[in-house]
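> Give me a 3D structure for the following:
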Amino acid sequence: MIRSAKPRKQRKFRFTAPNHARQNFMNVHISKELSEKLGIKRRSIEARKGDTVKVMAGDSKGKSGKITDVNLKTGKIMVDGIVRKNSKNKELQIAIYASNTYLTDIDLSDKLRKAEIEGIKAKK
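Numbering: from 1, shown residues only. Below is the predicted model:
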């Protein structure tokens, strides 16, 4: 990452970061129940499409749903069921910063993701 503690350099790094570095910005805290169920002690893990999260801040606080989209460019996620209406009464999904949510259920249908969880367990 970046070594400087200067806010200006921190902001510049985040805005000009390549996609492989932006993936690290999309980490979501894991609920205690889920970490015990998976048997891992890590605090956070990458947010992926299909995971279930609970919103911890903002107007949608307390609501939960599945992640429908992860946008690395903006650093936000779209959660199913968290919507607002526009002027034409059409429902639009609200983008939420990943750091304002926590993971309540994980989608293990992907073999690579399952292997990643197993690797985390082995590092204990």
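
> And the strands in the protein, which stretches?
Applying DSSP state E to the chain gives strands spanning 27-30, 44-46, 52-55, 64-71, 76-85, 91-97, 101-105.

> Indicate which one of those is closest to Arg113.
Nearest to Arg113, of all the strands of the chain, is strand 44-46, at 8.6 Å by C-beta to C-beta. From N, CA and C alone the C-beta is placed, and that goes for glycine too.

> Which strands border that closest one, and is each parallel or antiparallel?
Strand pairing for strand 44-46, determined by DSSP bridges: strand 27-30 (antiparallel).

> Against Glu116, how distant is the closest residue to Ala57 other than its chain neighbours?
The shortest distance from Ala57 to any non-neighbouring residue, by C-beta to C-beta, 6 or more residues apart in numbering, is to Asn100 (4.2 Å). Remark: distance between Asn100 and Glu116 (C-beta to C-beta, to the nearest Å) = 23 Å.

> How about Gly50?
The gap separating Gly50 from Glu116 is 14 Å, by C-beta to C-beta.

> go on, Lys66?
Taken as C-beta to C-beta, the span from Lys66 to Glu116 is 19 Å.

> related to what we said a few turns ago, would you mind giving the strands of the chain as TSV with distance to Ala17 added?
Below are those laid out as TSV (distance: least, C-beta to C-beta, whole Å):
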stretch	distance to Ala17
strand 27-30	14
strand 44-46	15
strand 52-55	23
strand 64-71	14
strand 76-85	15
strand 91-97	15
strand 101-105	21
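
> would JSON lines of those with mean pLDDT and distance to Arg8 be doable?
Formatted as JSON lines, these follow (pLDDT from 0 to 100; distance: least, C-beta to C-beta, whole Å):
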{"stretch": "strand 27-30", "mean pLDDT": "94", "distance to Arg8": "24"}
{"stretch": "strand 44-46", "mean pLDDT": "92", "distance to Arg8": "26"}
{"stretch": "strand 52-55", "mean pLDDT": "96", "distance to Arg8": "30"}
{"stretch": "strand 64-71", "mean pLDDT": "96", "distance to Arg8": "25"}
{"stretch": "strand 76-85", "mean pLDDT": "95", "distance to Arg8": "23"}
{"stretch": "strand 91-97", "mean pLDDT": "94", "distance to Arg8": "21"}
{"stretch": "strand 101-105", "mean pLDDT": "95", "distance to Arg8": "28"}
